[in-house]
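J.: Here's a sequence, model it:
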Amino acid sequence: MAVRHQLIKRAPDAVWAILADGSRYADWVVGTDDSWPDEGLWPAVGSTIGYTVRIGPWPLTGHTIVRRCDPPRELELEVDSGPLGTARIAIDVRPWGEHSLVIVDEHPLTGPGGVLHNAVLDAFLQLRHRSMLSRLATVVENYPRDLSDMH
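T.: Modelled structure (predicted):
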């Protein structure tokens, strides 16, 4: 299981504004080339976003479904990457003074990642999460401070 955290210098509502925008995932999820709302109203339970990942010259399309949502604190997702399998990603946003502590917990469920899940895979996920959380912090911290200015 790969768990990583990041202090983001904005309140939980600002973090949630980015998490709740299914079209913004490619801005901060490492490896994602594009993302778009797919089914339902993201991030309602059961809603999905589609995404594209490039592996060399080949695009791989998948989708992410919301399994649990408790705004602005918790978002649990199941990422379905087709032949690469599925993974559970839990994002916990905690107030930390005037900032937010964001904790990401990911583990593979099915496919090669689920079968081959080991310390090496967890180390890779740790590196990916470090980059992903850094990108999320950059996106959130550069977002408008006044939530009424967001759209």
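J.: Find the centremost residue of this protein, please.
T.: Compute the mean C-alpha point of the chain, and by C-alpha atoms, centre = their mean the closest residue is Val29, 5.9 Å away.
J.: what ranges do the strands span in this protein?
T.: For the chain, applying DSSP state E gives strands covering 2-8, 32-39, 48-55, 58-70, 74-80, 86-96, 99-108.
J.: ok, the second one: who's next to it in the sheet?
T.: With DSSP bridges as the test, strand 32-39 is paired with strand 48-55 (antiparallel).
J.: Strand 74-80 and the partner strand, what's the angle between them?
T.: Angle, strand 48-55 to strand 74-80, by axes from the mean of the first three to the mean of the last three C-alpha atoms, to 10 degrees: 50 degrees.
J.: before we move on, the earlier item: so which of the strands of the chain gets nearest Arg130?
T.: strand 2-8 (6.2 Å; C-beta to C-beta). All C-beta atoms are positioned from the backbone trio N, CA, C, and that covers glycine.
J.: before we move on, the earlier item: let me have the strands of the chain in CSV, extended by mean neighbour count and distance to Ala137.
T.: CSV is the format used below for those (neighbours: other C-beta atoms under 10 Å; distance: least, C-beta to C-beta, whole Å):
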stretch, mean neighbour count, distance to Ala137
strand 2-8, 18, 5
strand 32-39, 15, 17
strand 48-55, 18, 20
strand 58-70, 15, 20
strand 74-80, 19, 16
strand 86-96, 18, 12
strand 99-108, 20, 8
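J.: Would you reformat these as a markdown table and include mean pLDDT and distance to Met132?
T.: Listed next are the strands of the chain as a markdown table, based on pLDDT from 0 to 100; distance: least, C-beta to C-beta, whole Å:
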| stretch | mean pLDDT | distance to Met132 |
| --- | --- | --- |
| strand 2-8 | 89 | 8 |
| strand 32-39 | 88 | 9 |
| strand 48-55 | 87 | 13 |
| strand 58-70 | 93 | 13 |
| strand 74-80 | 95 | 12 |
| strand 86-96 | 95 | 10 |
| strand 99-108 | 92 | 7 |
